[in-house]
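S.K.: output the structure for:
(chains A and B, ligands or ions: 3)
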2 protein chains.
Amino acid sequence: ISSNAYSEIYNSTNAAQPLKALDTLQRRHLGPTPENAQYMLGQLGYSDLEEFTKAVIPEDILVRRALKVSPAQGYTETEMIAHLREIASKNKVYRSFIGKGYYNTIIPPVVQRNVLECPEWYTSYTPYQPEVSQGRLQSLLNFQTVVCDLTGLPVANASLLDEATAGAEAVLLSYHSMKGKKSKYVVDTNIHAQTLAVIQTRANTLGIEIVQLPLSTAEGVEQLAAIQTEISGALVQYPATDGSINSYAKVGEIVHANHGLLSAASDLLALTILEPPSSFGADIVFGNSQRFGVTLGYGGPQAAFLATITKLNRKIPGRIVGVSKDRLGNPALRLALQTREQHIKREKATSNICTAQALLANMAAMYAVYHGPEGLKNIAKRVFGFTSILAEQIATKHTLVNKNWFDTLTIELNGVSADALMATAVEKYQINLFKVSDSQVSLSLDESVTEKDLTDLVELFTGSQLDTSAIVKLPEFYSDLTRSDQILSNPIFNTYHSETSMLRYIHSLQTKDISLANSMIPLGSCTMKLNATVEMLPITWPEFANIHPFAPDNQCQGYAELIDNLEADLADITGFASTTLQPNSGAQGEYTGLSVIKAYFEKRGETQRNICLIPVSAHGTNPASAAMAGMKVVAVKCLNDGSLDLIDLKAKAVKHADNLAAAMITYPSTYGLFEPGIRAAISTIHEFGGQVYLDGANMNAQVGLTSPGDLGADVCHLNLHKTFCIPHGGGGPGVGPICVAEHLTEFLPSHPISRTTNGSDLSIKAVSAAAFGSASILPISYAYIKMMGANALPFASSIAMLNSNYMLNRLQEHYSILFVNSSTIKHCAHEFILDLREFKANGIEAIDVAKRLQDYGFHAPTMSFPVPGTLMIEPTESEDLAELDRFCDSLISIKGEINAYINGDSLGQVLKNAPHSLQDIVSTTQAEWDARGYTREQAAYPLPFLQQNKFWTSVSRLDDAFGDMNLMCTCPSVEEVAE
Amino acid sequence: ISSNAYSEIYNSTNAAQPLKALDTLQRRHLGPTPENAQYMLGQLGYSDLEEFTKAVIPEDILVRRALKVSPAQGYTETEMIAHLREIASKNKVYRSFIGKGYYNTIIPPVVQRNVLECPEWYTSYTPYQPEVSQGRLQSLLNFQTVVCDLTGLPVANASLLDEATAGAEAVLLSYHSMKGKKSKYVVDTNIHAQTLAVIQTRANTLGIEIVQLPLSTAEGVEQLAAIQTEISGALVQYPATDGSINSYAKVGEIVHANHGLLSAASDLLALTILEPPSSFGADIVFGNSQRFGVTLGYGGPQAAFLATITKLNRKIPGRIVGVSKDRLGNPALRLALQTREQHIKREKATSNICTAQALLANMAAMYAVYHGPEGLKNIAKRVFGFTSILAEQIATKHTLVNKNWFDTLTIELNGVSADALMATAVEKYQINLFKVSDSQVSLSLDESVTEKDLTDLVELFTGSQLDTSAIVKLPEFYSDLTRSDQILSNPIFNTYHSETSMLRYIHSLQTKDISLANSMIPLGSCTMKLNATVEMLPITWPEFANIHPFAPDNQCQGYAELIDNLEADLADITGFASTTLQPNSGAQGEYTGLSVIKAYFEKRGETQRNICLIPVSAHGTNPASAAMAGMKVVAVKCLNDGSLDLIDLKAKAVKHADNLAAAMITYPSTYGLFEPGIRAAISTIHEFGGQVYLDGANMNAQVGLTSPGDLGADVCHLNLHKTFCIPHGGGGPGVGPICVAEHLTEFLPSHPISRTTNGSDLSIKAVSAAAFGSASILPISYAYIKMMGANALPFASSIAMLNSNYMLNRLQEHYSILFVNSSTIKHCAHEFILDLREFKANGIEAIDVAKRLQDYGFHAPTMSFPVPGTLMIEPTESEDLAELDRFCDSLISIKGEINAYINGDSLGQVLKNAPHSLQDIVSTTQAEWDARGYTREQAAYPLPFLQQNKFWTSVSRLDDAFGDMNLMCTCPSVEEVAE
Ligand SMILES: Cc1ncc(COP(=O)(O)O)c(C=O)c1O
Ligand SMILES: Cc1ncc(COP(=O)(O)O)c(C=O)c1O
Ligand SMILES: O=C([O-])O
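M.R.: Ligands and ions are numbered 1, 2, ... in the order given. Prediction:
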């Protein structure tokens, strides 16, 4: 990690390789040129990057074990694409009629190109700064509106991770709504296997007993009635996994009579024509929105949805977009009811969901906007019509298990085994079906079904040719099951049906938002680095995009190779033995890691170990995950210098010695510091029999320099959407793999249908719907790691730290920096905290600075985490010197405005009125401007660079309270807007 | 074309096809829903689309011959992609070392995704409205700066069609600079064959004699000296086609001594390290910028460049971007010196170039921005180094023809024939070389070359293994040929080298421009319809993108199939026998068509026929092309109602009966009218022995309803970038095929290297560098035609006319409409002309309305063509009713502002100050605002819809005169900006 080595890597002038191609990612990923880096080092008083790195990382932490990632020099971009094409070619894209929650769909090309493949959409952050996020907030509101309209329930969130975890959330919501007093929960037998598995995992860690009953039968209802007072709710699937459509009105009555909640998994496409679950009393409806224009992607990422009755609106897990107004009184959107969220509620949280599936929810919403209610119904009717024709044909030879259907048929085979039929299907027709049992298969049709699919399927099942010319009309959906209410009547779903108008709609939303295409997003703890195009290109290749997660293994060899390699590289990078890629987010990783620790203690017969030590500085998901894993959270103090209080840690460890399960520690700490005492802390925990969980959200300071494994921890999660270049997508997708030491490997999660890499008898059950979580975006991290190579990866970390310390150094003359420059800690790691609390007495809050930064064209740093009243800044290695300076200049200029405010100079008001939307500049009366005592120019162009290139907010400062008091989480009607 | 049929097509409810998939393009391409269409028809007093169409198109014009385009119902989008993938798979992507003006290159992924694949860039129009085009104007200025810096000449244009036509332009520029008095022109023997061919075609039609001499030899120079007084100039290639680098200082001296011009074809990559042609006195330097990050694409589209000495700056063909200032005095860009352009100079023009290659020029410019001077030099040095290593190896077995080189080696083979070696190359290595003669091959290396390429080539040529580990350093470029000046020192080329900063640069430019992603671009005569994503997707597939135009035919079977089919469909649509896709623009099509007519008369021995009748209303390229084809233009009058004066036509035909070659007629006329007398006009011309050329720029009103062939014409061109969905790309690419009747087929252009579809002994020589012109974008038009199918294509035309007449009907109460509503012509065709001349007396000009429209978020209609003082509006079929209404509302609101102006109300000033840039709104002093007498809100938000979604201009109204007087066509230096 010397300056020389940086220069060689950056310039590809490696003398040892005169023939090497020049299109390396390294020089494109890393912001500062070697000359810039030298200048920045100079500002910090160093002459070499190595010297600097050593000064930042305590000696006993810096490991510098050479990574094994190969090729060490990294693939060039061209080589990478070629290599990925080769891997992709090992996946076979056969026709999938497997269903079970995953269906073929046609992504509207205009959405693929202008949302999924558009950096303006995929690089943006979770819309916590609403004034610079109105575009995607609107799209997420559209998503919620689709979900509410189709489920028939009034409140919906802006996505969950997948259908199975959404099911688990429904169970937990029911459990907690009974204050945890009912220990049983009933799940219908006719639901997807993966939903059941994830529910069982989650129920297990909380000690909830899952009772499976056939709730569509009279006996099932009877059995339910028998335990009705012991349950917090019941869960059904509608249409069921076998394809049948049943009413659960009686189930609802019984559950409700006992104050329980009825939950239903459902299908958005079916619901466009089918009576909604609200019709039989469902309180919670959830499902996967994947078939609304999101690829199969070998299982993910895809947006799950969850809707509830009004009464539960403050208990729904996940983010909710709500309608409020801005300072000028105009309608404006923002994330509502944030006080419910896990990062606030910590161990009192009933869910740990943080990163969700915003990008995919937006795609699903756009699909609905593009097709509109009639278009969606036509798709649904066609699916039903084809399924019905097929049913009639198949019934001539085999027996239909389900007597009615929307898109799915379960078939008891006559004269042929499931294996034999499926073998023919694959070999002769390249068709995949789902094996239910040795004598049963099922199949699901979808939007993509063609006449040829139909005739091939008929031939496969019956041996005869379907005469399609005899079909003059498609069978119509059951009249008694047809919904009669209007859906999606809002103009948004009835306006943009030409490609031209859809393109403009997408574009108009996009221009309202800040993304990495505008400027740096210096969010501490979020690592908003480059999401390089070469990394992004493969995810839309059909060989990665169009694979069903339950496709036979021999059709997924490309995925297997990619996953094996990525798991190995991540294990190497973290210093651990093995990896699971199943968790779909960091928080899911936390939960998985703690569940694995629990399973480990179970094997050792130490089931009493249930205490989890967590520093007060920890991210809110840590305690939330521990609570969900059935652990008891004990807080550990921090010292004044920000570091872990080792004495308190020891004291708590001693106190809970018998029951100590784990400690969860973020490293570098959430304060952005390389805690010197980390090794001591780990030893202490081990000494008392606990396991150490390192939260890897800050892994970007460690790669190739040290690692959780090298430090002695037992397990860590990684946020591939931070350190490993998966874009944030405006609030998801994420990938939160965990890496574990050898002794924990056998407990890594299994899956009820698919193979997993580390499955064993001791495996915990599934934590995600798909065995490999969000598989289709794994090429992104894979490509990043393989293009950087072992040689350059450590530079991502050291340059990230250099960027951060350079900014700290520039800003510290103007602002207090938390914890740094005490005698013990001279440098921050890859992020640092600007302390604004001193201005509070004078009336200036962190939010004023955050909002005023928008006028300078910047997204605010992380606000009030980990310390209220502060801003945490993380530049990442991808920002160049000019951008770092523009950001510092802006903060320094704002400091002048703060001084003005404190001195009573009217210019100071610019902070309180920030951000200044275009409307504010244009439409505010001159009298009011005069009263403000600063000019439009001061408001809009406080620094010269803004005159060339400025981002304008589309609304003024949001009024959060108003929206929370008047919660509205679907698109306002024309009348409501007019009000 | 009934309303019923429209509804069936739009809703895919064709009862005959209940199994058809729903993802049809038709409903996405066509703006108005069937309900909208009925409403619009009602407004016009019709109840059915058929009735309306018959009222618009004169009875004897409406043909309604069923098109043969199959499938008649059109492919769905999914089917289209599958079908194109199948075609693509028939192209074989082998490694190309063919060179000869086309080289492999690595498109920076960030440029591919954010420029080439970004509708905001590819759907915009030629930047004639500079205030809404500053982004691409900046990028084109960057292109010009690259060209000037590298060629060493001070003035460059913003692209030409290809290197060969650029060569022809250089010859013509030389010829005309001598006022046509020197009939000879010398071309070096060592230039690319296709450049020579196109020069010969162009020289031939003007009667210039091309003399080929070996100008790098002493004999050649002597022969040159012998004819020095008879020539207007000489043309060399540097490096030459055989790869050698020669100085032409002596040639320059001789040419200059006789006031001639020396032109040099050159290569931008070589010029990053090689002494520029200015060093030996070149006055004109041209070439292809393809290898700066633009795909091979089977020959195009790619941007050619042309630079000259200062003295020629008002004579350069094509568009030039220049630096000027806006009304507020800020630097601002616009197309400079427009009075030079062909559309102004008409038959006095010395070139007919109109549509150029803006999108590709922008990509090339971005490539230079991304790599910067050092990056480019490193690429060039590596290419040279690899070539030198290879030369040394090959020389051990064969004889090198060229003694020095940059990237190209010509090799006299020993012991093996060219055919045998090339067969081995293809079969064993999948490598393509270039065959020079039976015993000679040549090869060119490029940016993409790898170690494996090198070892394979060595093995191929020598049979031995190259030990690359022995190579410790690449050979360095000839010190005596190395340029010593600084190149690309402007900060723009030294700032954006990380992907993050490059993305932001691209994004920041893009946000300054209006494209179809913002709002309708109602440009009369330009047909700015939807460029659908499905149409665009294939062009970046490697199987279309990475094919060298001179690759062996058996590797290009996919292209052959696509081209054959497209040619047949276009012939069917135009009612003609055959098609050539070679011309790269409409104007090139015109030139080609007239040249074909000339050849036809030559065959018949009627070489005296050289009169071309052209109506006064014709587009400027018509007379310009006729002049270039060596014809004499005779103008034909138009009547007061806008129609052709048939009496004048007949009179001119009679007068020139013996010499009548052709008439060029645009249909519907450039006034947007279906001239009733067209058949009579055509008969008249035929009667007097002339051929009829129909300019097909307005073909969008004809498709499936009538056709040039059905009307009796002999030849027409099409602008695939208008009627057939190729995006305008901000001023190119274009494709301008011509379709001809049977008797003209044998004259369609040939190509010196490649097969052409209709080549015969009587073929004219090449008109473009590549046999199939801009082949790689042909999938766009192909996909459009195949997805619409025979059934829906006529609706594109009839809905385009409905949209146009609906607008006309709304606007005619507020504005005068030219020519329509006279007794003869009740309807416009697909466009109409708003007459603003009546306001001139009151001080309001068309430009005021055009600029004020920008404040309403719209690109202006076509201004002052075909009639000065007017705006010509063409909505196309892709705009929906809401957008048509927004545009009409805006023009009606502007009418109110015009009235205010006329009445002396200060609000009227809003027209004169338009457009109101953000800076104007923010920074103009309150005193000035008060003096203006209207508010910022009136300026910015004259209609409510703008408050939701408004495009802001980044500069105020341009000062054209200032820029033309102070011509600056490269990026200003930091000092110049500061001034
Ligand atoms: C320290 C820390 N831990 C955990 C998480 C949770 O990760 P995710 O949002 O992927 O669930 C975060 C997210 O920001 C974090 O900063
Ligand atoms: C009537 C007419 N003819 C010819 C042309 C020239 O076409 P191109 O720009 O493709 O050269 C145009 C272009 O606008 C046109 O409108
Ligand atoms: O893409 C835009 O941000 O306009």
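
S.K.: what does chain A have sitting close to ligand 1?
M.R.: Applying Cβ under 6 Å from any ligand atom, we find that chain A lies next to ligand 1 at A:354-355, A:525-526, A:585-587, A:619, A:621, A:666, A:670, A:695, A:697, A:719, A:734, A:736. For the C-beta atoms, the positions are set from N, CA and C on the backbone; glycine is no exception.

S.K.: rerun at 5 Å
M.R.: Counting by Cβ under 5 Å from any ligand atom, chain A comes close to ligand 1 at A:354-355, A:525, A:585-587, A:619, A:621, A:666, A:695, A:697, A:719, A:734.

S.K.: nearest to ligand 1, of those residues?
M.R.: For the residues of chain A next to ligand 1, the closest approach to ligand 1 (Cβ to the nearest ligand atom) belongs to residue A:586, at 2.4 Å.

S.K.: residue A:269: helix or strand, and which one exactly?
M.R.: Element membership of residue A:269 [criterion: DSSP states H and E] is helix A:268-271.

S.K.: could you check whether that helix is close to chain B?
M.R.: No. Judged by Cβ under 8 Å from any Cβ of the partner chain, helix A:268-271 stays clear of chain B, getting no closer than 12.7 Å.

S.K.: after that helix, which helix or strand is next?
M.R.: strand A:284-288.

S.K.: export only the CA atoms of that following strand, formatted as PDB.
M.R.: Only the C-alpha atoms of strand A:284-288 are listed here, as PDB (Å, rounded to 0.1, in the frame of the first residue of the first chain):
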ATOM      1  CA  ILE A 284     -52.500  -8.500   6.500                       C
ATOM      2  CA  VAL A 285     -51.700  -9.400   2.900                       C
ATOM      3  CA  PHE A 286     -48.300  -9.900   1.600                       C
ATOM      4  CA  GLY A 287     -46.500 -11.400  -1.500                       C
ATOM      5  CA  ASN A 288     -43.900 -10.900  -4.200                       C
END
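
S.K.: whichever helix or strand comes after that strand vs strand A:284-288, what angle?
M.R.: Downstream of strand A:284-288, the next assigned helix or strand under DSSP H and E is strand A:304-308. Compare the direction of strand A:304-308 with that of strand A:284-288 by axes from the mean of the first three to the mean of the last three Cα atoms, to 10 degrees and you get 170 degrees.

S.K.: what helix or strand is the closest residue to residue A:566 other than its chain neighbours located in?
M.R.: Among residues not flanking residue A:566 along the chain, residue A:782 sits closest, at 4.9 Å (Cβ to Cβ, 6 or more residues apart in numbering or on different chains). Using DSSP H and E, the element containing residue A:782 is helix A:778-811.

S.K.: just residue A:175 next, same as before
M.R.: Per DSSP H and E: residue A:175 is located in helix A:163-177.

S.K.: so which elements touch that helix?
M.R.: For helix A:163-177, the elements it packs on are strand A:184-188, helix A:193-206, strand A:231-238, strand A:261-267, strand A:284-288, strand A:304-308, judged by 3 or more Cβ pairs under 8 Å, 6 or more residues apart in numbering or on different chains; DSSP states H and E.

S.K.: JSON lines for those, including mean pLDDT and mean neighbour count?
M.R.: Formatted as JSON lines, the helices and strands packed on helix A:163-177 follow (pLDDT from 0 to 100; neighbours: other Cβ atoms under 10 Å in any protein chain shown):
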{"stretch": "strand A:184-188", "mean pLDDT": "98", "mean neighbour count": "25"}
{"stretch": "helix A:193-206", "mean pLDDT": "97", "mean neighbour count": "23"}
{"stretch": "strand A:231-238", "mean pLDDT": "98", "mean neighbour count": "28"}
{"stretch": "strand A:261-267", "mean pLDDT": "98", "mean neighbour count": "28"}
{"stretch": "strand A:284-288", "mean pLDDT": "98", "mean neighbour count": "30"}
{"stretch": "strand A:304-308", "mean pLDDT": "98", "mean neighbour count": "29"}
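
S.K.: out of those, nearest to chain B?
M.R.: Closest approach to chain B among these is made by strand A:261-267 (18.3 Å; Cβ to the nearest Cβ).

S.K.: quickly run through the sheet partners of that closest one, with directions.
M.R.: Using DSSP bridges, strand A:261-267 pairs in its sheet with strand A:231-238 (parallel), strand A:284-288 (parallel).

S.K.: next, the angle from the longest one to helix A:193-206.
M.R.: For strand A:231-238 against helix A:193-206, the angle between stretch directions is 170 degrees (the same axes, to 10 degrees).

S.K.: pull out the buried positions in the helix holding residue A:175.
M.R.: For helix A:163-177, the neighbour count (16 or more other Cβ atoms under 10 Å in any protein chain shown) marks A:163-175, A:177 as buried.

S.K.: show me where pLDDT drops low in the stretch 701-850 of chain A?
M.R.: Where the stretch 701-850 of chain A drops to pLDDT under 70, the residues are A:822.

S.K.: and the strands in it?
M.R.: A:715-717, A:738-740, A:816-817, A:832-835 (DSSP state E, counting those that start in this stretch).

S.K.: same question for the stretch 51-200 of chain A.
M.R.: Applying DSSP E, counting those that start in this stretch to the stretch 51-200 of chain A gives strands spanning A:95-96, A:155-156, A:184-188.

S.K.: now tabulate those in CSV and tack on distance to residue A:869.
M.R.: Below are these laid out as CSV (distance: least, Cβ to Cβ, whole Å):
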stretch, distance to residue A:869
strand A:95-96, 52
strand A:155-156, 32
strand A:184-188, 42
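
S.K.: tell me which of the ones you listed lies nearest to ligand 3.
M.R.: Nearest of those to ligand 3, taken as Cβ to the nearest ligand atom: strand A:155-156 at 28.5 Å.

S.K.: which residues sit against the closest one?
M.R.: For strand A:155-156, the external contacting residues (Cβ atoms under 8 Å, 6 or more residues apart in numbering or on different chains) are A:143-145, A:147-148, A:305-310, A:312-313, A:316, A:320, A:967, A:969-970.

S.K.: ok, stretch A:454-465 next?
M.R.: A:97, A:386, A:389-390, A:393-394, A:396-398, A:411, A:421, A:424-425, A:428-429, A:431, A:443, A:466, A:468, B:19.

S.K.: filter these down to the buried ones, PyMOL style.
M.R.: The buried residues among those can be selected in PyMOL (16+ other Cβ under 10 Å) with this line:
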select buried, (chain A and resi 97+386+389+390+393+394+397+398+411+421+425+429+431+443+466) or (chain B and resi 19)
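
S.K.: next step: the contacts of stretch A:454-465 restricted to helices.
M.R.: In helices, judged by DSSP state H, the following of the contacts of stretch A:454-465 are found: A:386, A:389, A:390, A:393, A:394, A:421, A:424, A:425, A:428, A:429.

S.K.: how about the last one, what does it touch?
M.R.: Contacts of residue A:429 were listed using Cβ under 8 Å, 6+ apart, and they are A:95, A:456, A:459, A:460.
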